[in-house]
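Undergrad: Provided below for reference: sequence and predicted model.
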Amino acid sequence: MYTTQGVTASQSDMDLKVEERVLGQLIEAVLYEEIAVPLSGVPASGFDGELVLQGKTMDGETVAYRFSAKRKFTFDRIRLAKDTIQRQKGNGEWTSAQLSQFVEEVLGQAQPDKERLGMLLEELQSTFAKDVQAQTYRASVPQSGQLRSYDELESLLDGHPYHPCYKSRIGFSMEENARYGPEFN
């Protein structure tokens, strides 16, 4: 479940896919910048396995986030495997991880400035909404094997592969995003 402006709804497959991408790229950036360090320490080059980050809820309960990852030789970045991010509550139960919880529970420990965290969360949520919009549009447009113009090729780009706020476009409404975003030609 997620909440947008007070409305709670079940997440679609598209929503889940996009949220996992945004969260995954955020975790990758957090690891690269060493904002949070896995419980096992910073993995060496060539690492391929499971990592765990620890956080705390607003009530002070310890939580953990685990995921499968590889440390790539390109830029020595840690890349997460798809569909592996999970959150463990204090009772030991593992569930799907959510973007807003991760920001609060892990980044909230590293950056206690609530205003800055709020601005980051706003950009991440904007990225989420605009990417869901773009992916929904992309799924509705038939793809062909024809040669494409530069503008058509540019519309197929799917945002920055590393930056977690790859489509935030703060200041763009959803209507403006559909009108001016490259994904919409």
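TA: In hand now; what should we look at?
Undergrad: distance of Val37 from Ser12?
TA: 34 Å (CB to CB, to the nearest Å). Any C-beta I mention is one placed from the backbone N, CA and C, and that applies to glycine too.
Undergrad: Just the helices from the chain, written as ranges.
TA: Using DSSP state H, the helices assigned to the chain run over residues 13-32, 99-102, 108-110, 114-140, 150-155, 174-180.
Undergrad: could you dump these to TSV with mean neighbour count and distance to Arg79?
TA: Shown next, in TSV, are the helices of the chain (neighbours: other CB atoms under 10 Å; distance: least, CB to CB, whole Å):
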stretch	mean neighbour count	distance to Arg79
helix 13-32	19	6
helix 99-102	20	17
helix 108-110	15	21
helix 114-140	16	19
helix 150-155	12	25
helix 174-180	12	28
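Undergrad: least reliable of those helices going by mean pLDDT?
TA: Per-segment mean pLDDT for these reaches its minimum on helix 150-155, at a mean of 76.
Undergrad: can you list the residues that contact that one?
TA: For helix 150-155, contacts defined as CB atoms under 8 Å, 6 or more residues apart in numbering pick out 182-185.
Undergrad: For Val37 and Ser12, work out which one has more neighbours and name it.
TA: Taking other CB atoms under 10 Å, Val37 and Ser12 do not tie; Val37 has more neighbours (15 against 11).
Undergrad: show me the contacts for that one.
TA: When contacts are counted by CB under 8 Å, 6+ apart, Val37 touches Leu53.
Undergrad: check contacts around the spatially most central residue of the chain.
TA: What sits nearest the mean C-alpha location of the chain, by CA atoms, centre = their mean, is Val22, with 1.5 Å. Residues near Val22 by CB under 8 Å, 6+ apart: 99, 124, 127-128, 131, 164.
Undergrad: ok, now with 10 Å
TA: 99, 102, 123-125, 127-128, 131-132, 159, 164-168 (CB atoms under 10 Å, 6 or more residues apart in numbering).
Undergrad: what do you get for Gly108?
TA: Taking CB under 10 Å, 6+ apart as the criterion, Gly108 is in contact with 55-58, 101-102, 114, 117.
Undergrad: Using TSV, lay out these together with distance to Gly92.
TA: Putting the contacts of Gly108 into TSV (distance: CB to CB, whole Å) gives the following:
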residue	distance to Gly92
Gly55	15
Lys56	16
Thr57	15
Met58	20
Gln101	17
Phe102	19
Lys114	29
Leu117	27
